[in-house]
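Student: When you get a sec, could you give me coordinates for this:
(chains A and B)
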Amino acid sequence: MGMRWCSPILGVWLLLLTGSIVEAQQAAPPASNIVARGEYLARAGDCIACHTAPEGRTFAGGRAMPTPFGTLYSSNITPDRETGIGKWTAEDFYKSMHYGRFPDGGLMYPAMPFASYTKVTRADTDAIFAYLKSIPPVNQRNREHDLRFPYDNRQLILGWRTLFFSEGEFKPDPTKSAEWNRGAYLVEGLGHCGMCHSPINALGGTSQSDAFKGGLIPMQNWYAPSLTSNREAGLGDWSIKDITNLLQTGVSARGVVYGPMAEVVHNSLQYLNDDDTRAMAVYLKGIAEASSPPPASSALPSTESSLLISLGKTVYDKNCASCHGAQGEGKPPHWPPLANNQSIEMQSAVNPIRMVLNGGYPPGTKGNPMPYGMPPFAGLLSDNEVAAVVSYVRTAWGNRGTPVSAREANELRSAPLN
Amino acid sequence: MFARAAATAVVMITLAAIDGAAAQIANQPPDTMAARVEACTPCHGNKGEGTSDVYFPRLAGKPAGYLYNQLLAFKSGRRKYPPMNYLLEFLTEPYLQQMADYFADQHPPLPPVAANDASQEVLQRGQLLVSRGDPQRQIPACGSCHGPALTGMEPGIPGLLGLRPNYISAQLGAWRYGTRTAKAPDCMQQVAARLTEEDVTAVAAWLASRQAPVNLAPVPKGTYVLPFACGSEGD
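Tutor: Below is the predicted model of the structure:
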């Protein structure tokens, strides 16, 4: 079973946690209301993002998920007895979350983030199950996956599991605070942040030692920055308030969320209560590493770089400065600063290039229902101008990024947008 | 003495707070829809009047219900254009309604009618289809839904003037091939499916050649009865 309720450390931790929830002003739903608690936890796990198709019925599945190995279709998790999980028991549900196995023992594809959900407690999977049993059943048959040979052979998952899956509920670190541990539980477990914020290797797995070190998200061509390096999205020098603002509202004094992270805030993080958001912030701030390797030097010859950067300033002053400020100071939180903005400076220039090309809106949230948007410049700027302005913002005002080439800008024009 | 000091302190703190708040407001983007929809302007123009790109439509003055339906369709992916789908995916429906209302309320002047290289024959065919339809092929006149002056009807039927031929023919083509769809009953798809490619070219050329009337506003809901049911028009 893997249940460790008798652990004295966990016992103490739960006691502390219960105490803090009771004291909080905006507390999680009372434990007695298991369905409401399950709904809250399902939000924390962002189940809806994959298990609901565009314009589809909630949790009825059928969403296409392109992977490097073919297209997977998410499953119906409504309580329909024929096509959903209506015949499952709470034990079956726990097994799916904890071991990545169907009730008949069959193996789930790791697009289902069971490598993270394995850390979720039985009490929490029971609550999520109670919630899913309470929603309207939808009779909608699951669509067959469309995977290329040899990935259509489920036995391959066994190999993947051997390499990348270690089963086990979250074990709190007794040397850390209850708040830090609650944050760790949410980030590593239901939040499944590591699914994107860890490098993905050619086998579609992430290794433990690379956890939260960032990586390019396959098929989406957005770079999920490292959560441990302060040179990327490491939050070591952010205030807790800025982190909680970013997670709850999508905007902050230090920067805004965009790309796939906008989805996460929109569907999941904005619904977390103040205590849980703060716990995640405390944990995320805590895992940032004090030092990190310096960014790689630019592949561009220095004469080309300086030409680009001087053109970049012209492009910037004409198109960008009216919102982001002549000194990259922005008007935070709505018009984010570009000076000292890790998202601009980090080694991978994929995200700043894509923001210039595609623009974007931060998500609409309770805390920021009418976000300001960035215009797409793909149709207004040439490859050379895009490279120039990105090179400029990456190196101006004390930013420590590196120049980028027109070729890099050109390649990202064809990056998928949805 | 203490009371006076305390009062002074309160005043000072209050002044400081007001000062701080003023500084904060000065340091914020304008609290307007115009500032919030700047992301739309490179393609659609500052007031939704359109730009030099012939495939990007004018938004200004179209019925708010029509604009809202399009924003929803882009958000859900029903209407496929990745740059739009990407921008709108995580915005809330009330906010999309506000965006629709904003552009519906803009009334920049229409651009002058561009020179048209369509032949007289093509234009005549277009005029015939727009004004009379083709009863034999069960094609209604455009004006029977889009209004006698082709300025549309609240809440969901757009006007057809002020658009360029490339945009009109691209949209009619998308309806014909089923890549653009609307809520059932999808009246526009039914009509477009009966059009040939030559029909589309002719209709687009004639519509784009029309001088717009002085009053471009869509007529109020229920001004005339539609020839058949239309999901976009709502209840």
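Student: so what's residue A:101 closest to, chain neighbours aside?
Tutor: What sits nearest to residue A:101 in space, not counting adjacent residues and going by C-beta to C-beta, 6 or more residues apart in numbering or on different chains, is residue A:95, at 5.4 Å. All C-beta spots, glycine's among them, are computed from the backbone N, C-alpha and C.
Student: Next, the buried residues of the helix or strand where that neighbour lies.
Tutor: Following DSSP states H and E, the helix or strand that holds residue A:95 is helix A:90-99. Of the residues in helix A:90-99, A:92, A:93, A:94, A:95, A:96, A:97, A:98, A:99 count as buried by neighbour count, 16 or more other C-beta atoms under 10 Å in any protein chain shown.
Student: is it true that the fifth one touches residue A:105?
Tutor: No: taking contact to mean C-beta atoms under 8 Å, the distance of 11.0 Å between residue A:96 and residue A:105 leaves them out of contact.
Student: sec struct for residue B:66, please.
Tutor: Of the three states, residue B:66 takes helix according to DSSP: H, G, I helix; E, B strand; the rest coil.
Student: what about residue A:247, which helix or strand?
Tutor: Element membership for residue A:247, per DSSP H and E: helix A:240-249.
Student: re the thing from before, what are the contacting residues of the helix holding residue A:95?
Tutor: A:2, A:85, A:88, A:101-103, A:108, A:112, A:114, A:117-118, A:120, A:122, A:125-126, A:128-130, A:132, A:167, A:169 (C-beta atoms under 8 Å, 6 or more residues apart in numbering or on different chains).
Student: need the contact list for the most centrally placed residue in chain B.
Tutor: When C-alpha atoms, centre = their mean is applied to chain B, the residue found nearest the centroid is residue B:59 (3.8 Å). Shown in contact with residue B:59 (C-beta under 8 Å, 6+ apart): B:40, B:44, B:48, B:50, B:67, B:103, B:106.
Student: Which pLDDT value belongs to the fifth one?
Tutor: Yep, that's residue B:67 we're talking about. According to the predicted model, the pLDDT of residue B:67 comes to 97.
Student: Next, the closest residue to it other than its chain neighbours: secondary structure please.
Tutor: Using C-beta to C-beta, 6+ apart and skipping residues adjacent in sequence, the residue nearest residue B:67 is residue B:100, 3.7 Å away. Assigned by three-state DSSP, the conformation of residue B:100 is helix.
Student: Now do the contacts for residue B:100.
Tutor: B:64, B:65, B:67, B:68, B:71.
Student: Was I right to think the fourth one contacts residue B:98?
Tutor: No: in this structure residue B:68 lies outside contact range of residue B:98 using C-beta under 8 Å: 9.5 Å.
Student: Among the two, which residue is more densely surrounded?
Tutor: Residue environment comparison for residue B:68 versus residue B:98 gives the larger neighbour count to residue B:68, 21 against 18, counting by other C-beta atoms under 10 Å in any protein chain shown.
Student: The more buried one: what's it in contact with?
Tutor: Contact partners of residue B:68, counting by C-beta under 8 Å, 6+ apart, are B:96, B:97, B:100.
Student: Output the contacts of residue B:100 in a markdown table, with distance to residue A:322 appended to each entry.
Tutor: Written out in a markdown table, the entries for the contacts of residue B:100 read as follows (distance: C-beta to C-beta, whole Å):
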| residue | distance to residue A:322 |
| --- | --- |
| B:64 | 28 |
| B:65 | 33 |
| B:67 | 26 |
| B:68 | 29 |
| B:71 | 25 |
